[in-house]
Each structure stands twice: as C-alpha cells, then as structure tokens.
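Undergrad: Sequence and predicted structure, then a few things I'm wondering about:
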Amino acid sequence: MYNPVCGDGTAETFFNEHVFPRLEEAHIQVTQKMATGAAGHAGTIAFDFLERYEGNVTVILGSGDGTLHEIINALSLVAPKGVRKNVVSSSVRVVLVPCGTANALYCSLFKPISTNEGPAYKLKSLEAFIMGSDVVPLTLTVTTLSAPPSSKQSCSKVAVSAVVTSTALHASILHDSESLRKELPGIERFKVAARNNITQWYSSHVKLLPTPSAQAVEIYDPDQKTFVIHKDSDAHGIVDVHGPFAYFLSTVNVDRLEPDFRITPLASDFVSSEVSLDLVMVRPHRDPTFVMDTIEARNAFAEKSVAVLTAAYQDGNHINLRYTDDGKITNEGTGPTVIEYIRCKGWEWIPDEVDERAHLVCSDGAIFSIVKGGKAACSAAVPANGAEFSVYV
C-alpha cells in the first residue's frame, strides 16, 4: 500500500521502480496492491483486508507517519468483523518505506547518515522483511479528549499515536502547515508555520502521571546526566504543572521528528525499561527575567524558543540549555534548564477555556480540538494479548 500524494508525491514511482521489482526478485507474492485515494482510505483498506484474511498480516507501507497513524487508528478503535469477528487479537507487521515529508519513525529506527540518502536507505525495512529479520513492537499512546462532566456531549474522542502527541507550539505548527502543503511540500512548511506561531504562549494546567513500576514521574538532570524523581511529586507520584507553556510535546518509539530534529534524544540514548513516553516542555516563567505575560515578554521570549528548536537540530543539544541570571541562554553553568525533559506514563492537559489555541492537540499530524471545559488525557500503552503493531528492522 502506498500514498501517492504524501511527501513530494513520488511514492508510486518509487514502488514501481524499486519496491515491486525487489519483491519479484525475492519471489515474494503480494496478496493485494493498493494506492490510497483520500484521507482515511489507508485505514479502510487495512480494515477491509483483515476482515477477509486470517492470521498475522504484513503491510508494506509507502507513506509518512500520518498514513501509518490512519491504519493504527482504524484497526485499534473498531471491532473486527468477517473472519476475525471472534478473534481475540491480531498482529500487524509493517514494512516501512519512507515516502512522507518527515518520516519520523523510519528515521528513528534507521538513523540517516546524510541528508541525501539514496534508494538503498529507503529499502532497509523491506530488506529486513525479505531476510526474515526481527520486528520491533511499537509502543502506542492513547489520547482521550473528553468534555466537562456538566456537558451534554458525553462521547469522548480517542486518538492512538505511534510517534507524537502534542499541544502548544507543535500542534499549532501542524494545524497551520497543512494549508502550506501545496506551496511547500517539504519540511520547509513546518519552519514557516513555526515562525508564524513562535510568539504564542498557551495557558493550561497539566498533570504528569507516574510510571507503574517506579511509581514516579522522572525528570532529566543534566548535571547527573540521568533521570531523577521529580521533586514536585505528590504522595501518589503525580506532578501538577502550571503554564503558560511555549512548547509541550511527547513521543514514543522515536527520538526525532525529522531526520536531524532530535527533539527527544534520550528516547534512544537512555532507553526506558518500561512502557512510558518522553515529554519536552518549555515554560516561559522559568526564565529568571520573567515578570508577567505581556506582548513584549512574548516577543522577547520568542528568540529563546528559536534557540531551543535550533539546538534540537544540533543532535538534541537543547536538553543541555540553561539560563544565566540575566536570562541569556548558555550550555554552561548551573542555572535553571530551559526545557523540562520528563519521562512518565502519561499526562493530562486541561486548557484555559478562553485560550482557543491551547485547545489544539496533535496526534501523529492529525489535529483535534478539546471542547471548552474539557481536557486531553494521554497515556502510553502496549496492546494486550499479542494485538501488536510492529516494524521490520
């Protein structure tokens, strides 16, 4: 299956010139070939296929992270019918062929050596499949967007992510970048959207939820070069965090969102021993020069947000940035860290009712909106009873 319009629109050509010939050479018979035709079509194709065929399924997928997101949501949120009506669980194995814009999951599993990798690089997961190599099971995050208890809207929205769940700046970037896709099909559109939103702050209250075994929320300490228990944990291990926020983003399975944008580098440098997510947040009031939320303060802090994002392109060096006493950003000293790097089971985001942009949530590029008075609750999970999604590596 491939998405002919993702990325720069070359998926069909790449499959015809490289993927299909390689499968024929390896004498591997494909049961069904499909090109997606619209948003959500990939999920429908996968769901219909699983209703007709028993056993574990392998999907050779030429797309970006968004199309994989469609498939995972279609297969996770709807009960199967057909031959799988009474089947407790099914395993879906994915061969990734990166044809999207950023290809976060692929670039995290297969670290790029240069910015101009050739066809062989894009065929690494396919070669692993042909050689019968191992698969890596994916950790997923389940995000529930719920209305307030007083609301007549009792039905919650649920989104399942295999890469990123975010609010604040990143969600605004993804929300706005879609309108730039035709004009700027590459990752440049994300940078344009970032510049347009860089002065925004987002008002919200956050609860960080502890991992089951540690029964604690952990925060990275750059002095000790390791994770330590968050000092603000309550008796149940929960940490309350108050905004405003400039940046709030969590990931699973990946350490980067673009080939060089290592926003959660510790996901690969310090691999977690249990199901968890890595979370990066930037709160302007940690700046020693912060006094109050004004337009001037937001404009001045925008330069510091740019510094954080720029350092993420420098092999994830943003996790080492600190403030000096006069609010400048440095790699040295013992001042407050510019970002808070968290490892936890999940989080709750409860936006201020009057802050419209704080209600946006991004799940692997798909944008959702929290209803007024509601919240988003995100939790890392591994599918039970073998109903896993995994990738050939």
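TA: Structure received.
Undergrad: Can you give me the end-to-end span of stretch 113-127?
TA: Using CA to CA, to the nearest Å, the span of stretch 113-127 from its first residue to its last is 18 Å.
Undergrad: now swap in stretch 271-283 and tell me
TA: Span of stretch 271-283 from end to end, CA to CA: 25 Å.
Undergrad: quick one: average confidence on it?
TA: Stretch 271-283 shows a mean pLDDT of 95.
Undergrad: How far off centre is stretch 224-239?
TA: The chain centroid and the centroid of stretch 224-239 are separated by 23 Å under CA atoms, centre = their mean, to the nearest Å.
Undergrad: what about Arg195, helix or strand, and which?
TA: In the assignment (DSSP states H and E), Arg195 maps to helix 188-197.
Undergrad: Which positions in that helix come out as buried?
TA: Arg189, Phe190, Ala193, Ala194, Asn197 (16 or more other CB atoms under 10 Å). In this view, the C-beta of every residue, glycine as well, is placed from N, C-alpha and C.
Undergrad: That one packs against which elements?
TA: Based on contacts counted as 3 or more CB pairs under 8 Å, 6 or more residues apart in numbering; DSSP states H and E, the elements that helix 188-197 packs against are helix 168-177.
Undergrad: Just the residues contacting the helix it packs on, thanks.
TA: With contacts defined as CB atoms under 8 Å, 6 or more residues apart in numbering, helix 168-177 is touched by 164, 166, 189-190, 192-194, 196-198, 200, 202, 204, 245-249, 305, 357-358, 360-362, 365, 367.
Undergrad: Using neighbour counts, trim those to the buried set.
TA: Listed as buried from the contacts of helix 168-177 are 164, 166, 189-190, 193-194, 197-198, 200, 202, 204, 245-249, 305, 357-358, 360-362, 365; burial here means 16+ other CB under 10 Å.
Undergrad: Among these, which ones are in helices?
TA: With helices taken from DSSP state H, the overlap with the buried ones among the contacts of helix 168-177 comprises Arg189, Phe190, Ala193, Ala194, Asn197, Ser305.
Undergrad: any chance of these in JSON lines, plus distance to Val393?
TA: Written out in JSON lines, the entries for these read as follows (distance: CB to CB, whole Å):
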{"residue": "Arg189", "distance to Val393": "29"}
{"residue": "Phe190", "distance to Val393": "26"}
{"residue": "Ala193", "distance to Val393": "31"}
{"residue": "Ala194", "distance to Val393": "31"}
{"residue": "Asn197", "distance to Val393": "35"}
{"residue": "Ser305", "distance to Val393": "34"}
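Undergrad: May I ask which two of these are separated the most?
TA: Pairwise distances across those peak at 18.4 Å for Arg189 and Ser305 (criterion: CB to CB).
Undergrad: could you redo the buried residues of helix 188-197 as CSV and give each row distance to Val291 and pLDDT?
TA: Listed next are the buried residues of helix 188-197 as CSV, based on distance: CB to CB, whole Å; pLDDT from 0 to 100:
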residue, distance to Val291, pLDDT
Arg189, 35, 88
Phe190, 32, 87
Ala193, 29, 93
Ala194, 26, 91
Asn197, 23, 96
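Undergrad: Can you tell me which of those residues is closest to Val338?
TA: Proximity of these to Val338, judged by CB to CB, is greatest for Ala194, which lies at 16.7 Å.
Undergrad: Report the separation between that closest one and Ser146.
TA: 29 Å (CB to CB, to the nearest Å).
Undergrad: again with Ala380
TA: The gap separating Ala380 from Ser146 is 18 Å, by CB to CB.
Undergrad: These two: who's more crowded?
TA: Neighbours were counted for Ala380 and for Ser146 using other CB atoms under 10 Å; Ala380 has more, 24 against 20.
Undergrad: so which strand or helix has the more buried one?
TA: Under the criterion of DSSP H and E, Ala380 resides in strand 375-381.
Undergrad: helix, strand or coil for Ala214?
TA: The assignment at Ala214 comes out as coil when based on DSSP: H, G, I helix; E, B strand; the rest coil.
Undergrad: Tally up the residues packed near His41, please.
TA: Around His41 there are 17 residues (other CB under 10 Å).
Undergrad: That one - nearest residue in space that isn't next to it in sequence?
TA: On the basis of CB to CB, 6 or more residues apart in numbering, the spatially nearest residue to His41 that is not a chain neighbour turns out to be Glu70, at 7.8 Å.
Undergrad: same thing with Cys378?
TA: Leaving aside its sequence neighbours, Cys378 sits nearest to Thr143 (CB to CB, 6+ apart; 4.3 Å).
Undergrad: Which positions within the particular helix or strand that has that neighbour in it qualify as buried?
TA: Taking DSSP H and E as the definition, Thr143 sits inside strand 140-146. In terms of neighbour count (16+ other CB under 10 Å), strand 140-146 has its buried residues at Leu140, Thr141, Val142, Thr143, Leu145, Ser146.
Undergrad: one step back: including distance to Leu277, could the buried residues of helix 188-197 go into CSV?
TA: Compiled in CSV, the buried residues of helix 188-197 are given as follows (distance: CB to CB, whole Å):
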residue, distance to Leu277
Arg189, 26
Phe190, 21
Ala193, 24
Ala194, 22
Asn197, 23
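Undergrad: Return the member of these nearest to Trp349.
TA: For the buried residues of helix 188-197, the nearest to Trp349 is Asn197 (17.3 Å; CB to CB).
Undergrad: Phe227 contacts Val217, doesn't it?
TA: No - checked against CB atoms under 8 Å, the pair Phe227 and Val217 is beyond contact range at 9.8 Å.
Undergrad: which neighbours do those two share?
TA: Arg343.
Undergrad: Who has more neighbours out of those two?
TA: Between Phe227 and Val217, counting by other CB under 10 Å, Val217 is the more crowded of the two (28 against 20).
Undergrad: What sits closest to the spatially most central residue of the chain if chain neighbours are left out?
TA: Against the mean C-alpha coordinate of the chain, by CA atoms, centre = their mean, the closest residue is Val164 at 1.1 Å. Distances taken as CB to CB, 6+ apart put Thr251 closest to Val164, at 5.1 Å, once the chain neighbours are dropped.
Undergrad: swap in Lys207?
TA: By the measure of CB to CB, 6+ apart, the closest residue to Lys207 outside its immediate chain neighbours is Glu348, 4.2 Å from it.
Undergrad: Thank you kindly, that will do.
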